[in-house]
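**Q** Sequence and predicted structure are below.
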Amino acid sequence: MVKSDSYSIIEKRLAENVLILDGAMGTMIQGYKLEEQDYRGERFEHWESDLKGNNDLLSLTQPKIIKDIYSSYLAAGADIIETNTFNANYISMLDYHMEDLSYELNFESARLAREAADEFTKQNPNKPRFVAGAVGPTSRTCTISPDVNDPGFRNIHFDELVDAYTTAVDGLVKGGSTFF
């Protein structure tokens with residue numbers, strides 16, 4: 001395995017200290033008490049389905065809030081911040097009819113996180129900050145049937161999961177994630 005410069009820096013830092021990972025993105029978002037229109041922003045003002053609760057979408061519609069959350073964790077001492085992309089995969093975005101936004105959601109969230117991390121690293125170059133691409137589960141599973149009357153039925157297949165995660169990870173990497 002070829003190790004990146006970031007990986008080497010992390011290894012060195014871990015030999016000297018414990019690195020601090022940020023906290024729960026969803027909890028921080030809840031503190032803003034956002035309503036449906038906040039999730040929609042201008043771009044999705046007339047979207048055909050409800051969007052409240054699609055926290056990953058806020059990287060597009062409320063980037064200042066997301067970057068402020070990243071910066072809050074960094075100001076509190078986090079060495080590593082996770083992208084706001086826990087559900088930003090094709091399959092989970094089907095719930096909002098936003099499956100085509102998976103790459104963009106991952107890219108923009110990573111870009112915002114990278115921007116915040118770089119700003120804090122610039123303030124203190126002796127304490128570089130890192131961005132971890134967050135990849136969560138989907139709303140479907142290929143290991144069990146969602147139909148108790150048909151145990152062999154699957155509502156998703158392995159290749160679809162591979163495609164969904166490949167798109168998400170590609171957006172994270174190109175947007176600026178340091179590592180996974």
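**A** Cool, the structure landed.
**Q** so Asp159 sits in a helix?
**A** Yes. If the criterion is DSSP: H, G, I helix; E, B strand; the rest coil, then Asp159 is within a helix.
**Q** Distance of it relative to Ala88?
**A** 20 Å (CB to CB, to the nearest Å). (Each C-beta comes from the backbone N, C-alpha and C, glycine too.)
**Q** Which one's more surrounded, the two?
**A** Ala88 (33 against 9; other CB atoms under 10 Å).
**Q** my read: that one touches Ala110, true?
**A** No. The pair Ala88 and Ala110 does not pass the contact test of CB atoms under 8 Å, sitting 10.0 Å apart.
**Q** quick one: common contacting residues for the two?
**A** With contacts taken as CB atoms under 8 Å, 6 or more residues apart in numbering, the residues that reach both Ala88 and Ala110 are Gly171.
**Q** For this protein, spot the helix or strand the model is least confident about on average.
**A** For the chain, counting by mean pLDDT, DSSP states H and E, helix 5-16 ranks last in confidence among helices and strands (a mean of 86).
**Q** most centrally placed residue in the chain?
**A** Thr85 (1.9 Å; CA atoms, centre = their mean).
**Q** Can you point out the buried residues in the least confident helix or strand of the chain?
**A** Along helix 5-16, the positions that meet the burial threshold by neighbour count (16 or more other CB atoms under 10 Å) are Ile10.
**Q** Could you do stretch 168-180 as well?
**A** Counting neighbours by 16+ other CB under 10 Å, stretch 168-180 gives Ala168, Val169, Gly171, Leu172, Val173, Gly175, Gly176, Ser177, Thr178 as buried.
**Q** By residue count, tell me the biggest helix in the chain.
**A** Longest helix in the chain by number of residues, with DSSP state H as the criterion: helix 102-123.
**Q** Roughly how far does the residue in the chain sticking out farthest from the centre sit from Arg140?
**A** Relative to the centre of the chain, the most outlying C-alpha is that of Asn149, 35.4 Å out, by CA atoms, centre = their mean. Separation of Asn149 from Arg140 (CB to CB): 18 Å.
**Q** can you check Phe86 too?
**A** 15 Å.
**Q** What of Met93?
**A** With distances taken as CB to CB, Met93 is found 12 Å from Arg140.
**Q** Could you do Tyr32 as well?
**A** For Tyr32, the distance to Arg140 equals 29 Å [CB to CB].
**Q** which of the two has more neighbours?
**A** Under the neighbour definition other CB under 10 Å, Tyr32 and Arg140 were set side by side, and Arg140 has more, 16 against 13.
**Q** doesn't Asn155 make contact with that one?
**A** Yes. Taking CB under 8 Å as the definition, Arg140 is a contact partner of Asn155 at 5.3 Å.
**Q** Find the residues that touch each one of those two.
**A** Counting by CB under 8 Å, 6+ apart, the shared contacts of Arg140 and Asn155 are Pro146.
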